[in-house]
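Colleague: Need a 3D model of the following:
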Amino acid sequence: MDLIYGIVGFFTTGGPFMYPILIVFAVGAAIAVERYVTLTAIRAKNQSAWSRVQPALESGDFNEAREMTSEDDSAVGRLLGMGLALQGAVRRREDIEIAMEEGMMEIIPQLEKRTPYVALASSIATLLGLLGTIMGLIEAFTAVANANPAEKADLLSASISVAMNTTAFGLMVAIPLLVTSSVLSAKTGEIIDSLEMASVKALNVISTKAKRQQAEA
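Modeller: Residues are numbered from 1 along each chain as shown. Modelled structure (predicted):
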């Protein structure tokens, strides 16, 4: 109970800027949780789709791979589907590669959306904490200017202590949000790398079979 009373006392003595910082934390945390759950689900779906499509690609059964990707709504399924749609219709590797690059340009913004807002919330929390402290110090010095000289030192130290609560709370919010933003960025990067790996492997298989067909012809 003492811990709870201490936290409540810390929050209530911090001044009005504690409430905007709390709102920023709530918004940033909500976005972070949503992004983490979404990216985890996307990664799992991609791995599942790739594990099913890869054997068909390696065996050269492009019709089966095309059918699989047409029924798959995962990111890797859509990406491979764009390339496989041109397989057989065009002979140049560059044409299929361009189609997959267009697919990547559509997929990457979907993976990265809202993630920058977590880092933005971290910065806003820090700045609100500093602003709250500055405003608190201005009020403290204003009050001290009109106070009894004997009480000035005690009043000033108490006012500064209260004003610093805002900066402390802002940093307590900003640091976890900043770390979370880095984790989300790394997770997004891993997904993008896996998509690029899958597209390169598919391109290599398609181009290898096309060269064999040309040699046999």
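Colleague: The strand or helix carrying Leu131 - contacts with which helices or strands?
Modeller: In this assignment (DSSP states H and E), Leu131 forms part of helix 115-145. Helices and strands touching helix 115-145, as assessed by 3 or more CB pairs under 8 Å, 6 or more residues apart in numbering; DSSP states H and E, comprise helix 18-58, helix 152-216. C-beta: built from backbone N, CA, C; applies to glycine.
Colleague: now it against helix 152-216, angle please.
Modeller: Between the direction of helix 115-145 and that of helix 152-216, the angle (axes from the mean of the first three to the mean of the last three CA atoms, to 10 degrees) works out to 170 degrees.
Colleague: Flag every buried residue along stretch 159-167.
Modeller: Of the residues in stretch 159-167, those buried under the neighbour-count criterion (16 or more other CB atoms under 10 Å) are Ser159, Val162, Ala163, Met164, Asn165, Thr166, Thr167.
Colleague: Could you check how far the closest residue to Ala163 other than its chain neighbours is from Val162?
Modeller: Distance criterion CB to CB, 6 or more residues apart in numbering; nearest residue to Ala163, sequence neighbours excluded, is Gly136 at 2.8 Å. Separation of Gly136 from Val162 (CB to CB, to the nearest Å): 6 Å.
Colleague: any residues in contact with both of those two?
Modeller: Gly15 (CB atoms under 8 Å, 6 or more residues apart in numbering).
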